[in-house]
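Visitor: build me a model from this:
(chains A, B and C)
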Amino acid sequence: MSGAAERGDTRKRQVLQVREVLFPALGLVVWAAHFGVSYAANALACARGFADARLLGQPLVPAVIMGLTAVALLALGLVIRASLSGLEGSLEEGGEAEPRFTRWLAATAAALAALAVLFQAVPALSVPPCG
Amino acid sequence: MDTAAPRGTTAEETPNPLPRPPEELEQLRRIWAMPRGLALLTEYNNSLIGPLYVATALLFFLLAGVLALIIRAQLAWPGLTLVDAATFNQLFTMHGTVMMFLFAVPAVEAVAITLLPAMLGARDMPFPRLGAYAFLIYAIGGLSFYSSILFGAAPDGGWFMYPPLTSKENSPGINTDMYLLGIGFIEISAIAGAIELFVGIMRTRPPGMTLGRMPLFAWGMLVFAAMVIFGFPAVIVASMLLELERALGWPFFLPEQGGDPLLWQHLFWFFGHPEVYVIFLPAAAMVSMIVPAMVGAPLVAHSLVVLALVGTGFLSFGLWVHHMYAVGIPALSLGFFAAAGFAVSIPSGVQTFAWIATFAAGRVKWEVPTLFMLGFIFIFVLGGLTGVMVSVTPFDWQVHDTYFVVAHLHYVLIGGMVFPLLGALYYWVPSLGRPLSDRLGRWAFWLLFLGTNLTFFPMHVSGLMGMPRRIYTYPAGFGLELWNALSSLGAAMVAAGAAVVLLDVVLHFRLGGTQENRWRAGTLEWVNNDDYGTRSIPRVRDRYPLWAEPELARQVEAGGHYLPFSATGRRETLVTSPAEAAPQYVAVLPDPGWGHVIAAIGTCAFFYALTMPLPIAAAVSGLVALIGLIWWLWQGTDPAPVGPHSVDIGDGVRVPIHATGPVSTSWWAMVALMLVLGTIFACLLGGWLFLWLVNGDAMWPPPGQGLPVAGWGLTALGLYAGGALVMWGAARLLGRRSRWVVRGALLLAAALFAGGVGADGWALWSGGVRPTLHAYGAASWAIFAWQGALVAVALLMAGYTLARSLAGKLDGARRLTMDNTMLFWGYTAGQGMVGLALLHGFPRLFA
Amino acid sequence: MKRGAILLPVALLLAACSGEQTVLDPYGGQAERLAGLSWLLFGGGTAIFVLVLALLAWALLAPERLRRAMGSRRFVLLGGVAFPAITLAALLVHTLGVSRALVLPREERPLRIEVIGRQYWWEVRYPDMGEGAVTANEIRLPVGREVELLLTSADVIHSVWVPNLHGKMDMIPGKVNRQRLRAERTGVLRGQCAEFCGLQHSLMAFWAVVQESAEFEAWIARQRKPVPPPADERAVRGMRVFGDAGCGACHAVRGTEWQGRLGPDLSRVGSRLSLAAGALENHRGTLAGWIAGAQDIKPGNSMPAYARALEGEDLLALAVWLEGLR
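Guide: Okay, the predicted model is just below:
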């Protein structure tokens, strides 16, 4: 391989490696986005006074949060599916070798994130937005 | 790399043949020998800096503890007058501030600097002078900060310093400024440490130590580093804004001028809640290493515990409003935070049950470290349960700001951090030198365990009985006497326990000498090491390398594993890939020097001069710091490639000795720095948007102020983009075109950036935006000021790069300086463009 | 308000369960819900704590055969994931239910009470009860009626907290926070500032007096009326001293020319349960002591010390007149 091609190949491998390492964080980033947008949406609605509006017949803020939750859970489902593909062996243990460990971590972190997203959605079902 | 090789295949199949020639060890010793006399100050070796760092942190623990003893003496009975109100307010503020900023975070960082290189088979940290600098500013700055209480100039607004109490009008003295500036630069120390730890853990592990095999303490510090990078900027921004308000009258938190006291609380607690997990997670990770050794069995559910650390790290960023449940935020918003608070308890549950399971799986040795582990579980679980309680919003409405919370926080911090730390002390000291005393250790444990419970359990009761926090006395006849008296008695016991530990350390602790694997532990830090780290860099095939390969320690110590020599005659360490730990290159480390020491002294002097305020002294010190920094960078950063092009480190693995581009640790450090800067910027943007939200569109801008002029904004946009593009071009042309083309490009880029920042500022000024009249102007100018500061740094970097080029120290192969400058310029331009989009675009589109 | 008596250890432990400033002796619906929640949390917390310690003890001390099942990932998943997830989910639902009950208002027209926090005293106004329904350092409320507290601050952040009635709510300058509460039994309760507000945060308390409706109405009516003329010569002298010393610049007295709002309204100061925001008892002795030495009792508060300006007979006369403003 020529010098430049070798460098390019190494660079590509490095980028892939970095992506592999960041992959476990993806599910929790989805959680953070769900959290941030829900909080901002509620704060905006209460501060600007349109919390009483309706979306498709439902109170606005809870409807928006349910929508965000559905999107987040879908995204997390995709992350889990992508990371579990080709993963053999017990799901309780990440193992020592790569790429199994980072994929396992990505899947389980996304599962934890999904649980947290569900927890966060529950308040929208019972607590008034601005009370 | 064969990371799944079967164990115990052949007896003596080491990467490098044994025995090694004796000159190799001689060479290593010579290269890593520490300078003598005063020049020892220039040494950065983690074997020196680490223990000094730990000792300094423990010193601050004692210093802050003394303040607590005075507090408990004052509160032992109603109506006592040992100290007056003003002094008392300084006492509790300093107790909290010193414990949180000068003890807890530095202590876990210190343990990491001491142990991680050995645990990861590295000869030292990747940027060891940065670590030494971080230690020096912490030690010098911290001691100066503490001494403020001797002059009555210590901060007195509580460790969270809420405005408007801490605004200039209500706190006119320098006490508040002492905090804002004093703590401000200690944050620099923490962030520098975090960047170094992040790169060290991701890139300097031994070959074969995949992420799945990495010890849990490394995972704990990795999560620590990431949390510091994303969490600490918020308090830096809060401090900067309050100091600007106090010094220059830019209103951020004053309601009469469009500000909001809650902006401080959001920023502070966005930092403040992750901060406590920053303190706890490394300690929990220490426990995850000590327990397996004390029972002789691997940690049960190792991967799940890794998940727990990472998960807690993320989820803890969703809890900050817990500290603000009573400020009048909408009920649903509070609900999100309660839900997140519950969610974060689940990973903690995983860790607790993993420790219990590990105890069940092995055979416990009833030694002093074990006692501290059990004490930790008892106290931390109790604190964690009250933590779930205060997460329950309505319950917190009763106990917020009372002694119930004081009880909770001390249970989780003492249980969750101090006990593991002391256990770690008794556990790891034998790997560094002479072990501590078993008898004194047991005495210390029981005094501390019983004392902690006696001090803090009654506080749950006094809180429920109506005793708020931060009061210097309480009325008689409400039943509070008994509980306070018990707490004060307990405090005396804790003091006795701490004194026993101090006595033990003074009598018995000695660095160096024979190191024994006293607990028969399985991880790499128990391999004998010296100033040069381990004799060779181990090949790792298991989570517990010393248990899986009983011959490993002997082989490594004989030099049989990787890189048992120095390829260049300089200090070196091995850099590996982030996930698989495949060897990538040998990094040459710098020689000891004075640059970082001068920079540290200058930095401390600069911040204290600003506090007084003594502007001329500040300018001079700032200059000294800058000179130190340039000297530091000039010597030993971006060295010329020396020696052979590549080297066989063992097993036929051949790696280069010089690296540039994304594989270099330098690139990774710059990226980590950009993440910090980006987070600071995001906090400034968030603050601006928050103030817009609370002010309403009619006041954004308020009457009398205008919008920044769009024409100048677009000009600035173009100039920023152009400057970054030219800089990127210079980087690409380096080594391919003549030096003068590159130097010309540097100058052109500098001109463009200077023009850009000028246009940016002029757009604001000529549009009628003023910083002192209203929060709109203050927030807008704060964003510009930050941009201006970064542009100034960018220009300095360009100038430095030009100087390197003129000195013949920059070319196609020797280009780390150019690459870092290019990255920084790219970031600064991007930040500038986003800032312009917000200031120019948002009000026009939305408001 | 001294409580005498030596109490038995058991009674001591239960001390938290009764008193004028305690979470666990509710005087109203909100505090009752919170107390119930507290007991649930304490009970649950204790049970879980004991369980965890028992498991730990088992892991350490039981014979190896019996410990082996515990040393597994399955155990960690059950105890560390399943158990907390289920328990916390249930607790979350319950918690949100309590929050909802506390924030949803019940009555359309509560009795509004404005409380303005200042360093280091409380300004209390009744906007629904007509002109002049103003007092300081004391909140009176009728039993069985829903009250809405409107809370703000004139300087730094303070916080109102009467644990027997409800949780705390912060008083933030530039913002008005609202809290609904309803007392169900009469009594005298103590409240305290619960957000560090400076030098004398420790001595910023107040009495919350829950009265029968009729008594409350009578009290309000009296607050609104102009003060009666001084009863005797000393009181006349005292009133004159009040004017000469310039007290009216800060303190208002209904029915006179003095309308200052920088300090507490003194219209019916004689009838209050305490002075100096809960720091002192209230009679001519403490009145005189406060006027003369406010900076010794509460250093750093806004009341200057008049020890040198007012002496002897003048000071006593002033105290007598003030004491007579009931």
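Visitor: please count neighbours and contacts with C-alpha atoms only from this point.
Guide: Fine.
Visitor: hmm, stretch C:30-48 touching chain A?
Guide: No - between stretch C:30-48 and chain A, judged by Cα under 8 Å from any Cα of the partner chain, nothing touches; the nearest distance is 15.4 Å.
Visitor: please identify the buried residues of that stretch?
Guide: C:30-35, C:37-38, C:41, C:45 (16 or more other Cα atoms under 10 Å in any protein chain shown).
Visitor: hmm, A:Ala43 is touching B:Pro330, no?
Guide: Yes - A:Ala43 is in contact with B:Pro330 according to Cα atoms under 8 Å; the separation is 7.5 Å.
Visitor: out of those two, which sits in the more crowded spot?
Guide: A:Ala43 (23 against 19; other Cα atoms under 10 Å in any protein chain shown).
Visitor: ok, the more buried one - contacts?
Guide: Contact analysis of A:Ala43 by Cα atoms under 8 Å, 6 or more residues apart in numbering or on different chains lists B:330, B:333.
Visitor: now the helix ranked longest in chain B: mean pLDDT?
Guide: The longest helix of chain B (DSSP state H) is helix B:261-295. Here helix B:261-295 scores 98 as its mean pLDDT.
Visitor: ditto for stretch A:46-64
Guide: Stretch A:46-64 comes out at a mean pLDDT of 89.
Visitor: ok, back up a step: just the ones of the buried residues of stretch C:30-48 in helices?
Guide: Using DSSP H, those in helices are C:30-35, C:37-38, C:41, C:45.
Visitor: ok, which of those also contact chain B?
Guide: Counting by Cα under 8 Å from any Cα, the members of these near chain B are C:34, C:37-38, C:41, C:45.
Visitor: which one of these sits closest to B:Pro538?
Guide: C:Gly45 (46.4 Å; Cα to Cα).
Visitor: tell me the pLDDT at that closest one?
Guide: C:Gly45 is given a pLDDT of 96.
Visitor: quick check: closest non-adjacent residue to it.
Guide: B:Leu385 (5.9 Å; Cα to Cα, 6 or more residues apart in numbering or on different chains).
Visitor: confirm the one you found sits in a helix?
Guide: Yes - B:Leu385 forms part of a helix when assessed by DSSP: H, G, I helix; E, B strand; the rest coil.
Visitor: how about the ones next to chain B among the ones in helices among the buried residues of stretch C:30-48 in CSV, adding distance to B:Leu307?
Guide: Shown next, in CSV, are these (distance: Cα to Cα, whole Å):
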residue, distance to B:Leu307
C:Leu34, 35
C:Leu37, 32
C:Ser38, 32
C:Leu41, 28
C:Gly45, 25
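Visitor: among those, which two are most distant?
Guide: C:Leu34 and C:Gly45 (15.9 Å).
Visitor: state the distance from B:Thr210 to chain C.
Guide: B:Thr210 sits at a distance of 21 Å from chain C (criterion: Cα to the nearest Cα, to the nearest Å).
Visitor: and the ones in helices among the buried residues of stretch C:30-48, which is closest to C:Pro304?
Guide: Distances from C:Pro304 to those, taken by Cα to Cα, are shortest for C:Ala31, at 38.3 Å.
Visitor: in stretch B:151-162, what counts as buried?
Guide: Residues of stretch B:151-162 classed as buried: B:153-162 (neighbour count, 16+ other Cα under 10 Å).
Visitor: what's the answer for stretch C:67-86, then?
Guide: Buried-residue list, stretch C:67-86, by 16+ other Cα under 10 Å: C:67, C:70-73, C:75-77, C:79-82, C:84-85.
Visitor: what's the residue nearest the centre of chain B sitting at in phi/psi?
Guide: Compute the mean C-alpha point of chain B, and by Cα atoms, centre = their mean the closest residue is B:Ala190, 3.3 Å away. Dihedral angles of B:Ala190 (phi, psi; degrees, to the nearest 10) stand at phi -60, psi -40.
Visitor: tell me the pLDDT at it?
Guide: Predicted confidence (pLDDT) for B:Ala190: 95.
Visitor: repeat for C:Leu273
Guide: C:Leu273 is assigned a predicted lDDT (pLDDT) of 94.
Visitor: one more: C:Val10?
Guide: pLDDT at C:Val10 comes out at 41.
Visitor: so who does the closest residue to B:Leu795 other than its chain neighbours touch?
Guide: Ranked by Cα to Cα, 6+ apart and with sequence neighbours excluded, the top spatial neighbour of B:Leu795 is B:Ala750, at 6.0 Å. B:Ala750 is in contact with B:723, B:795, B:798, counting by Cα under 8 Å, 6+ apart.
Visitor: closest to B:Ala829 out of these?
Guide: B:Gly723 (7.6 Å).
Visitor: tell me which element the closest one is part of?
Guide: helix B:710-733 (DSSP states H and E).
Visitor: what residues sit buried inside that helix?
Guide: Quick answer for helix B:710-733 (16+ other Cα under 10 Å): B:710, B:712-733.
Visitor: and stretch B:664-673, what's its mean pLDDT?
Guide: Averaging pLDDT residue by residue across stretch B:664-673 gives 96.
Visitor: what of stretch B:685-701?
Guide: The model assigns stretch B:685-701 a mean pLDDT of 95.
Visitor: and it, is it in reach of chain C?
Guide: No - Stretch B:685-701 does not reach chain C (Cα under 8 Å from any Cα); its nearest approach is 10.2 Å.
Visitor: identify each buried residue in that stretch, please.
Guide: B:685, B:687-695, B:699-701.
Visitor: can you flag which of the residues you listed belong to helices?
Guide: Those of the buried residues of stretch B:685-701 lying in helices (DSSP H): B:685, B:687-695.
Visitor: those: which ones sit near chain A?
Guide: B:693-694.
Visitor: where exactly do the helices run in chain A?
Guide: For chain A, the helices defined by DSSP H cover A:3-22, A:26-48, A:60-84, A:100-126.
Visitor: actually, chain C.
Guide: Using DSSP H, helices in chain C cover C:9-13, C:29-61, C:64-67, C:73-77, C:83-103, C:213-224, C:233-244, C:284-297, C:312-323.
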